[in-house]
Every structure is written in C-alpha cells, then in structure tokens.
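K.L.:
sequence and predicted structure, then a few things I'm wondering about:
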Amino acid sequence: MVDDTSDTQAEIEKLRAREPGEADEEVYADVDISALPPWWRRAIEEFEEHDLRPYRPPRFSDGTLKHVVVDRLENRYDVRFRFVGMNVSYGDEWEVYVDGDRLGTIGRHRSPHGYTVYEMESDEFVSWVETAIPTERE
C-alpha cells in the first residue's frame, strides 16, 4: 500500500524535479529515503545491491507514478497487475495482465530522465481497467 504522508509527497516531488543528466550518484543525495513508499525503498536497495544505476520509478505519460495508480486499483478491486514484456525489443508494446488474464497492451519508452514511461495517461489507464474488470469485483 502507498504511504500518503506529506513527507512522502515532498520526497517524491524532489525526485520528480530532477533534471536529465544529473549525476547518478546524486539522485537520492538530498532525499530522506525512509520517507519513500516501501516499494520504492526496496527497489533502491535492490538496484544498489546489483551495482545498477539508481532506480527511477516508471510513470504514465502524464507523469503520475505507475505504482501509485496500480496500488490504488489493486486495493480497490482486490486484483494483481503484471506488466510483461517477453522477447520484446525497444519500442515494442508490453502486455498488461490482471489476475493472470490479459487486459491488453501498452506502449512504453525510456524517458531522457532515465525512467520508463507507459504511453497512456493515468486516468485513461484507470478507465481501461475499470471497463475490463467484471462488476462483481466492485
């Protein structure tokens, strides 16, 4: 579940405001990582453990963090999402699954800021999901 504290929002805004090309080692320099949602903290740790470039969470085309939208929908409808790209090349669409059932595909690309952008606005994604989920789950 997403933490909705003002500290979390402030930390997210600091990260969102970063410019492309800023040094990787400084991405989280002035961020209180403990104020970030648990999923974000886990990803930061995992990326560091594997000596990867700093984690930058995926977003929808309107800038909304994917995890925020997906967590809200998973909690509301008691479902689980998977965004899957099997044997894909850059520019190929990914498949979206809800509880193992294929919902459809979504475009994606890497932004100059270094994060994945799903090529759909967050409210459009929510509408797409709500139309596809059977009403007995509401």
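P.N.:
Ah, there it is.

K.L.:
with adjacent residues omitted, what lies nearest to Thr64?
P.N.:
Residue nearest to Thr64 in three dimensions, not counting chain neighbours: Ser122, with 3.8 Å by CB to CB, 6 or more residues apart in numbering. Bear in mind the C-beta positions are built from the backbone N, C-alpha and C, glycine included.

K.L.:
might one say that the one you found is in contact with His67?
P.N.:
No. In this structure, Ser122 sits apart from His67 without contact. The criterion is CB atoms under 8 Å, and the distance is 11.2 Å.

K.L.:
Val96: which element?
P.N.:
For Val96, the element it lies in under DSSP states H and E is strand 94-98.

K.L.:
what pLDDT, on average, does that strand get?
P.N.:
Regarding strand 94-98, the rounded mean pLDDT is 96.

K.L.:
please identify the pairing partners of that strand and their relative orientation?
P.N.:
The strands beside strand 94-98 in its sheet (DSSP bridges) come out as strand 81-84 (antiparallel), strand 101-106 (antiparallel).

K.L.:
residues contacting it, please?
P.N.:
Contacts to strand 94-98, defined as CB atoms under 8 Å, 6 or more residues apart in numbering, come from residues 79-86, 88, 102-106, 108, 129, 132-133.
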